[in-house]
Structures are given as C-alpha cells and as structure tokens.
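Participant: take a look and give me a structure for this.
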Amino acid sequence: MRDSGRKSLAQLENLCKQLYETTDTTTRLQAEKALVEFTNSPDCLSKCQLLLERGSSSYSQLLAATCLTKLVSRTNNPLPLEQRIDIRNYVLNYLATRPKLATFVTQALIQLYARITKLGWFDCQKDDYVFRNAITDVTRFLQDSVEYCIIGVTILSQLTNEINQADTTHPLTKHRKIASSFRDSSLFDIFTLSCNLLKQASGKNLNLNDESQHGLLMQLLKLTHNCLNFDFIGTSTDESSDDLCTVQIPTSWRSAFLDSSTLQLFFDLYHSIPPSFSPLVLSCLVQIASVRRSLFNNAERAKFLSHLVDGVKRILENPQSLSDPNNYHEFCRLLARLKSNYQLGELVKVENYPEVIRLIANFTVTSLQHWEFAPNSVHYLLSLWQRLAASVPYVKATEPHMLETYTPEVTKAYITSRLESVHIILRDGLEDPLEDTGLVQQQLDQLSTIGRCEYEKTCALLVQLFDQSAQSYQELLQSASASPMDIAVQEGRLTWLVYIIGAVIGGRVSFASTDEQDAMDGELVCRVLQLMNLTDSRLAQAGNEKLELAMLSFFEQFRKIYIGDQVQKSSKSEHFSFLGINNQSNLTDMRCRTTFYTALGRLLMVDLGEDEDQYEQFMLPLTAAFEAVAQMFSTNSFNEQEAKRTLVGLVRDLRGIAFAFNAKTSFMMLFEWMYPDSYPSYMPILQRAIELWYHDPACTTPVLKLMAELVHNRSQRLQFDVSSPNGILLFRETSKMITMYGNRILTLGEVPKDQVYALKLKGISICFSMLKAALSGSYVNFGVFRLYGDDALENALQTFIKLLLSIPHSDLLDYPKLSQSYYSLLEVLTQDHMNFIASLEPHVIMYILSSISEGLTALDTMVCTGCCSCLDHIVTYLFKQLSRSTKKRTTPLNRESDCFLHIMQQHPAMIQQARNLRMLSTVLNIIIFEDCRNQWSMSRPLLGLILLNEKYFSDLRNSIVNSQPPEKQQAMHLCFENLMEGIERNLLTKNRDRFTQNLSAFRREVNDSMKNSTYGVNSNDMMS
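Facilitator: Below you'll find the predicted structure:
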C-alpha cells in the first residue's frame, strides 16, 4: 500500500515536471490532461497533502497549492468547515516551518490562505468567526526574521487584494457583504500596522543592498497601496476612470489622515529610497491625495492640502528621481489629483502656491518639450491645466491664481513641441502620434479649455505659426526642386495646426465669449479655409490623408459652435409644405406646424415682455383664421375639407404657441386672446368642431390636445387674480369639451380591433390627460361647483366613468399612453376626490379596484407607482372611515362615506376578499420575490392593507413561513416579527415612515434567508 502511494506520488511529480519544464507540446498537453483528472479525483485532497509533505520538487508543491485552492473555491459540494479550518492551519504551519520555499510556491500557498479566509468570512464555530483572525495569524511571522516578516506582510497584502476583488463564481451581493465586513472590522487595523512597520523601517538605516530588506519594503508598500486602493463603498471603479476617482475613506479612519505624520511618512520615503521603489510610494500618495473631501472640515482640509502641496513642491525642487518613467507617470497622476479633488479657491490660499504653480508650470513645459518621453503621462498634466483653466471664471478667492501668466506658456509648449516633433518623426521613421486618433482627440479636448484661457495670446501664436507654415508650404509647392521630405514636414505641421485651431474654436463657451474672441475665431477660420482651397487644388495630384482628416475635425468643431445641428436653408414654400400653403398637404402632414410655432413662440418671447401690441400683431393671422372658420360654421353649407384644413392648422399652431409660453405674463396674453373679458369667443368654435367631426381623429386629436395644453399649469403659468373667475370658467369649458366628445364617441358602436386606438382610445386618453391637468392645476376650487349647484365637475367625472367602463381591462395596459393617462388621472381622483369614488356603484368600484390590482404588476414603473399611490389613498380613506364608524361620533358620516362603508359591508366577498386580500398578497409577493424597482411606493399602501386585513396577513405570514425548509422557518418568522416591530395601529406619517424602514430591512433579510432555497411563491397559492 505504501509502495503504491510512493508510486503515485512519483507519477504526479513526473507529470508536474512534464507540464512545467518540457518543450514538447504533445507531452505537455498529455500531462495537463492527466493533472486535470487528478484535480477532479475523490482522493485529490489527501494526495495534495502528500505532495506538500513529501514532494521533492517545487512544481509538485505548486500543483498541490493550486488544487487545494480550486477545492476550497468550488460552489457545489463545498468542503466541510472543519476541513477548511484544518487546511488553513496547515498552510500557516507549512509557511512557518519552510521559509526557503520557491517564491511561486509561497505565493500559491498565500493565495490559498486568502481564498479560504474570504469564502469562510461568515462561518462560525461555537459563536466564533473562525476566519477573521488574520492579524493574529500573521503576528508570529511579523515578530520573526525579515524572511518571515515578508511572508506575514504578503499574507495581509494578498488577503486585502483577494477580498477587494469580486469573482464570477460567487454572487456579487455575497462579495460586497464580505468586503464591507472586512472593511469595518479589519482593514483599518491592517493599514495602521502597515504604516507603523513602514515608520519603523524608515527610522532605521535600511540596507537596501540586502535583498531581504529590499523585499520587505516592497511588500509593505504593496500592502499599504492595497489598503488605500480598497473599494470602500462598492463602486467598482475601473482604471479607465482614473482621473475621476475619489477614495471613499471611512469616517473611522479620520485620525490617520488628520495626523500629518501619515502624509509626511510617504514623502520622506520617496526621498530616502532608490527610484525603483518610488513608483509605489507615489501610488500611495495619489490615493491619499484623492481622499474624499467630506472626511475633513474646511480648516482640516486646508491644513491637509498645505502639507500635500509642500510635499509636491519638495519633489519638484529635487526632480532627479523623475527621470524614471514609472516615477514620472505616478507623479503626473499626483499632480492631476491636486485639482480633481481640490478647488482652485483652496489651492491659491496655500502658503507656497505662487512658487508651486511656477514649478508645476516649468515641469509641464519641460515635459511637453520632451514629447518622446512617457507620452501616456501627458494626459494627466493636461488634465490638471484643463481643470485649472476651467475654474478661472468661478474662483472667488482674493489671492492671485497667476494662471494668466502660466497657462499661455503651457499652451505654447504643447503647440510648438507638436510642430517640432514632425521633422524628427519623419527623419527617424518614428511612430506618428497623429495615427493614434483617440489619444490626439483626448489631448485636443483638454487643450480646447487650456487654450481659451488668455485666448488673445493663443490666437496670436496660432496665427503666427500658421502663416509661417502655410507660406513655406505654398513656396515649396511652387518650387520645382522642393524635396518630398520638406513638403511632408510642412503638411505635418499644418495638420497639427488645423487640429489645434479646431480644438480651440470648439472650446468656446457662449456665456464667457466676447465679440473680440469671436473675431479671433474668424481670423483662424479664414486661414483654414484658405489652406483648404490650396489643398483642394492638389487633390488630383497628391492629397494628404492626415491633413484632410484634420480639416474634417476642424469643420465638425466649427459646425458645432457656430452653425448648430440644423443647417439653415433657404425658406421656400416646398420646405414648409406642412404649413398647408396652396393646399399642398393633407391633415396628417400638418403635425410639424406645432413644432414650427413652438419655435416661433420662443423667438417671440425673447423680447416680448409685456408688449401686448407686439403680441396682437403676431396673432393677427391666427385671428383671421379663427374668424374664417367661424364664418364657415355660421352658414348651413360650407366646404368641409377646407374648414377641416383651416381648423386643424389653426389649433396645431395655437398648441405650439401655448407650449412655448411657459411664463405667466405671455400665457395670460394668449388666454385673454382666446377668452376676452371672460367671454369664450373662440371656445364655441372648438366645441362645434368636436360635435361635427367627433368620428374623425385627424380633426379631434389636435383640438383635444390644444385644450389639454391650455389647462396644463406648466411652470405655474395659470395664476389668476383673486377676483378673477377665469379658473372656474376655464374648467367649465374643459368639462363641456370632455362631455361633448365623450358622449359622441360612445355612439360609435363596435370598432375593429386594429382601429380601436386610432378612432376611440387615443381621444379618450387625451381627455383623461386633459381632466388630470385641470384637476391638479391648483387654479380651481372644486368645492364651489357643488356649493352653487354647478354641474360642470359632476358632468366631467361622470363622463370619465362612462368612458372608462367602455374600455376592456386588457386595453388599459396594452396601450402605454392610455395606461399612463388613466392611472395618472386616477391618482388625482383618489387623492382629492375620494368622496366621488366612494359614491360610485359597486360594479364601478369593482372595475377600478381590478384595474389597480392589474397595474401593480405592470412593467411600466410609472404605472406601477401610480397604482401604489391610488391604492394607498383608497386604503387610507377606508381605514379612516372604518376607524370613525367604530368611535362615538357627535356628527354623522357624510352620505358618500356611509354609502362606501355600506357597499364594503354588503359585498365582502366581491370587494374585500377579491380585491384587498389579493392586492395584499400581490404587493407582498412583489416586494419579497421580485426585482422591486419602486419599493418605497409599494410600502405605502401595504401598511394600510395589513391593518385592514390583520387576520389574513397573519395567515399569509404563517403560510410563507411553513413553506420554507425547516431550518429556515425560524429565520423567516423573525423577519416578519421585525417587520411589524414598533408599528402602531394607525396611518400617521411617522408610523408609515417607520414601516417603510422596517420593510427595507425585511426585504434584505428575507432575500438573504432564501438565497439557497428553491422556494417560490405564487399569489394564488398564498390566497388559498
């Protein structure tokens, strides 16, 4: 038996050797296949231990560590807790007793430890989280020799990195829970330990020729960087968004960053260690500089920034280490963070700001002039200056920012260095930066802001350089002896200049630009156009592709800034056929008139003010059109098509104007025009059109949409004086319109399914929107209608009910515009007119409740949210009435309330059982088992439903609990107990808010409890 074990061990070691050392592809593939079979074998665990104990090669140890990592990572058939604890302890002992392992073996074993610790983070044994003692586990390593200390630090570094990285084999929610727990319980202690060890190391005279001390320092810096680079709040920022990154340090870490010695430690390390270590130090400084602003108050932030700027100044004064490309890159990132995380107003208040901004400017200019050195780092320097330049108009500090001095130097350095690079690139056959269009575009976007700062200097430089290059280019083209190299150089220089001119024109900001700057833009544009004439004449012989692409880029920027997206064209009648000139268009072609008159209305509003004469002059053509239609309607015989065309064009024009008039002053002019001296001069014409052509949606839709726009109190434009009856008069006309159209459209009879929306439902939908806008506009006191015996409100509401009952339930949700207008109107009715809802017949209430129940599960979030609000209003009303009915009252309930309660009592099976209970289970089902996108809205009616149906809720809770696996029933029962904890039997706002908070916690707890359960709930099952 022992011989067979030795034999299999030898075979495994031989396979490892073949896998990692052989150059024969076939042999390596066969070895790999055999080792995969070994990994999946039942005795893999025991053989891995055997390989670690007795294996003679590092490759066999690597295989064992890798196989064990796969075993502890698998999600199906995971290893028992005791076995994982044994593996963890074995790995730690193995590392402690074998310090001379190959580096890759040590790394693989540490990876195994980190994986076990992460995946077992929430595992308990006798109320002890057995995998959370990482710092204790590594203490014995840290107290030993340098070699052991390196292992301990590497363990913490790998663990931090492992917990920070999500993997695809486990749920993201579990990863975030582990990461959050690790952040709160261990990460700060690890960071503090790392900083303390760095302080100890920097306090001693490090012998960096000693490879072990060299390795320890590297691992400590990696550990610190991993701590600072931790994803503290689960944003998972990727490296491409580097310049926007803020490090969300927890508030509990404040003490470490308020202590200036933490920041000073890294600046001291930078100056005391060789350049090969410095990139990691600078990476840590980049993260520290990016700490969220809200971690400090204003005074603390100013002090922190002062220390940071002092450190940067010291590096700039001693720039020797920046000759290393990695150091240079990280330092450029650090400079960029100075502005991405701090405001210019804060920077200028730093004591050494004038000297620092001078040093940064000199550093930037030097960097740009050495364009061939670390080109990918230039982005960060340009980013810094772009943000500085963009902040100039907003800085309020009295201290000088000095950017007017240094920004032109940066602009000049960028432009001249790009031009000077052309000759060298062509001469030496180097890679042309212009071929990397992404990089060029990125830099030009940044330069567009930088160049607009002190634009006079930028423009003067560009004009000078462009004229020189263009003149040289023209002379070379006219010379018979010109060399192709000289021509290519000038074309390359002009290409850069055209790109840069396009960029600085594209950087124009309308509110900050002056006529002088626009004139400068004109100077540059003229030069590019003249060059284009020259290059176009050469296209037949030899064109330059890069120069042509630069021209396209220039014109794109010019179009964006000075022309806009819509190029102006000559205004001929064929371009405006939708206006119906010479009877060119049919009714449906006139849709563009609304947009056209919206544009005209907005142009009119620019200088209109309160000038009523100018307004009346503008409205003269529309006045004439209205009078023409009125004249037609006054005769018994008229050309119907001409009347339709005139009316539809007129109402579309008016709707465009009404939409444009958002201000009260201008909209009141329109209202007075349509309703002079409270007399509806033009409204009867619209009513007559509805009466005549109710069956023709091409006519009724524009009329109804105009009315819906007129009653829409957008931007509070419908505000009448306290003595004005106009609000009530406007609603009367609205009621007449809805009643007229509603009664007529219901006479259509059966409509084919494919035409039902166009002929009927679209008009009804607009009526619903119109009524909703009028009811929620806050310019009518609806109580006066009943008080004075005016039936306008009653007629409108009764028409709504008739129209609603003519629509099948399925159509309400099948047509999105109809469903949105209906549920929006119903929300207003249940909120402000519940007495009307309460007075309806039982079958009508049944219809409305059914529509709400179906809308709760709609895919449209707006519909679902509206249904929640409707249900909340109904349930609240019913709860209050029931509460009052059980109390001793001095005044009786009003007739509608009494009737509503009577219906509920007379039809319990139809109303209460079928609706409230079903909706209770529906809402609960959505919250627990579905991706609830509007949890807050769902929570509001749920409390009322529970209080109205406490016995059913208790049965429902028991049903859900009992359907769980036995080991999860107690947890589920506790979730329901916590849901109602502290909840009183009322619907006061405070009680509702507490229930909403409980519900959020309830949903999280239930989801956690059921993650590994196959349980699913069906609403119908729950009801049974």
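
Participant: beyond whichever strand or helix holds residue 502, next helix or strand please.
Facilitator: Secondary structure from DSSP states H and E places residue 502 in helix 484-506. Next helix or strand after helix 484-506 toward the C-terminus (DSSP H and E): helix 515-538.

Participant: coming back round to it: buried set for the helix holding residue 502?
Facilitator: By neighbour count with 16 or more other C-beta atoms under 10 Å, helix 484-506 contains the buried residues 486-487, 489-506. Quick note: C-beta positions are derived from backbone N, CA and C, even for glycine.

Participant: next: stretch 959-973.
Facilitator: Buried, per 16+ other C-beta under 10 Å, within stretch 959-973: 960-961, 964, 972-973.

Participant: which elements pack onto the helix or strand residue 84 falls within?
Facilitator: For residue 84, the host element (DSSP H and E) is helix 81-97. Here helix 81-97 touches helix 44-54, helix 58-73, helix 103-119, helix 134-142, helix 146-164, going by 3 or more C-beta pairs under 8 Å, 6 or more residues apart in numbering; DSSP states H and E.

Participant: what does that helix contact?
Facilitator: Contact with helix 81-97 is made by 45, 49, 52, 68, 72, 79, 101, 106, 109-110, 112-113, 116-117, 120, 123, 125, 130-131, 137, 140-141, 148, 151, 155, as judged by C-beta atoms under 8 Å, 6 or more residues apart in numbering.

Participant: let's see it at 6 Å
Facilitator: Outside of helix 81-97, the residues within contact range by C-beta atoms under 6 Å, 6 or more residues apart in numbering are 109, 112-113, 116, 120, 123, 130, 137, 151.

Participant: identify the residue nearest the most centrally placed residue in the chain in space, chain neighbours excluded?
Facilitator: In the chain, the residue lying closest to the centroid (C-alpha atoms, centre = their mean) is residue 235, at 11.5 Å. The shortest distance from residue 235 to any non-neighbouring residue, by C-beta to C-beta, 6 or more residues apart in numbering, is to residue 248 (7.4 Å).

Participant: contacts only, for that neighbour.
Facilitator: Neighbouring residues of residue 248 by C-beta under 6 Å, 6+ apart: 232-233, 292.

Participant: residue 51 too?
Facilitator: Listed by C-beta under 6 Å, 6+ apart, the contact partners of residue 51 are 60, 64.

Participant: Three-state assignment for residue 635, please.
Facilitator: Assigned by DSSP: H, G, I helix; E, B strand; the rest coil, the conformation of residue 635 is coil.

Participant: quick check: phi and psi on it?
Facilitator: Phi and psi for residue 635, reported as degrees, to the nearest 10, are phi -100, psi 160.

Participant: distance-wise, check it relative to residue 628.
Facilitator: Here residue 635 is placed at a distance of 12 Å from residue 628 (C-beta to C-beta, to the nearest Å).

Participant: now do residue 190
Facilitator: Distance, residue 190 to residue 628, using C-beta to C-beta: 84 Å.

Participant: cool, residue 598 as well?
Facilitator: 23 Å.

Participant: cool, residue 879 as well?
Facilitator: Distance from residue 879 to residue 628, by C-beta to C-beta: 57 Å.

Participant: tell me which of the two has more neighbours.
Facilitator: More neighbours surround residue 879 than the other of residue 879 and residue 628, with 18 against 15 (other C-beta atoms under 10 Å).

Participant: so the more buried one touches residue 944, yeah?
Facilitator: Yes: Residue 879 is in contact with residue 944 according to C-beta atoms under 6 Å; the separation is 5.4 Å.

Participant: now tell me what touches the helix or strand containing residue 1003 from outside.
Facilitator: Remark: residue 1003 resides in helix 989-1010, with elements defined by DSSP H and E. With contact meaning C-beta under 6 Å, 6+ apart, helix 989-1010 is reached by 927-928, 939, 943, 968, 971-972, 975, 979, 982-984.

Participant: now the residues you listed in CSV, with distance to residue 602 and secondary structure?
Facilitator: Formatted as CSV, the contacts of helix 989-1010 follow (distance: C-beta to C-beta, whole Å; DSSP: H, G, I helix; E, B strand; the rest coil):
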residue, distance to residue 602, secondary structure
927, 45, helix
928, 50, helix
939, 42, helix
943, 47, helix
968, 62, helix
971, 60, helix
972, 59, helix
975, 55, helix
979, 52, helix
982, 54, coil
983, 52, coil
984, 53, coil
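
Participant: out of the residues you listed, which end up buried?
Facilitator: Neighbour-count burial (16+ other C-beta under 10 Å) is assigned, among the contacts of helix 989-1010, to 927-928, 939, 943, 972, 975, 979.

Participant: what separates the residue nearest to residue 22 when sequence neighbours are not counted from residue 89, distance-wise?
Facilitator: Counting by C-beta to C-beta, 6+ apart, residue 22 lies nearest to residue 28, which is 5.4 Å off, once chain neighbours are set aside. Going from residue 28 to residue 89 by C-beta to C-beta gives 35 Å.

Participant: which residues touch residue 231?
Facilitator: By C-beta under 6 Å, 6+ apart, residue 231 lies in contact with residue 164.

Participant: no no, residue 945
Facilitator: Shown in contact with residue 945 (C-beta under 6 Å, 6+ apart): 875, 920.

Participant: in a helix, it, correct?
Facilitator: Yes: assessed with three-state DSSP, residue 945 lies in a helix.

Participant: sketch out the helices for the stretch 501-650 of the chain, chain order is fine.
Facilitator: Under the criterion DSSP state H, counting those that start in this stretch, the stretch 501-650 of the chain carries helices at the ranges 515-538, 545-558, 592-608, 612-633, 640-660.

Participant: the stretch 201-350 of the chain too?
Facilitator: Going by DSSP H, counting those that start in this stretch, the stretch 201-350 of the chain shows helices at 211-228, 254-258, 260-272, 278-289, 298-317, 325-340, 344-347.

Participant: just the stretch 751-900 of the chain next, same as before
Facilitator: Going by DSSP H, counting those that start in this stretch, the stretch 751-900 of the chain shows helices at 756, 762-775, 783-787, 792-805, 809-814, 816-832, 834-838, 842-855, 861-885, 895-906.

Participant: can you count the residues close to residue 749?
Facilitator: By the criterion of other C-beta under 10 Å, residue 749 has 5 neighbours.

Participant: so it versus residue 756, what's the distance?
Facilitator: Residue 749 sits 12 Å away from residue 756, taking C-beta to C-beta as the criterion.
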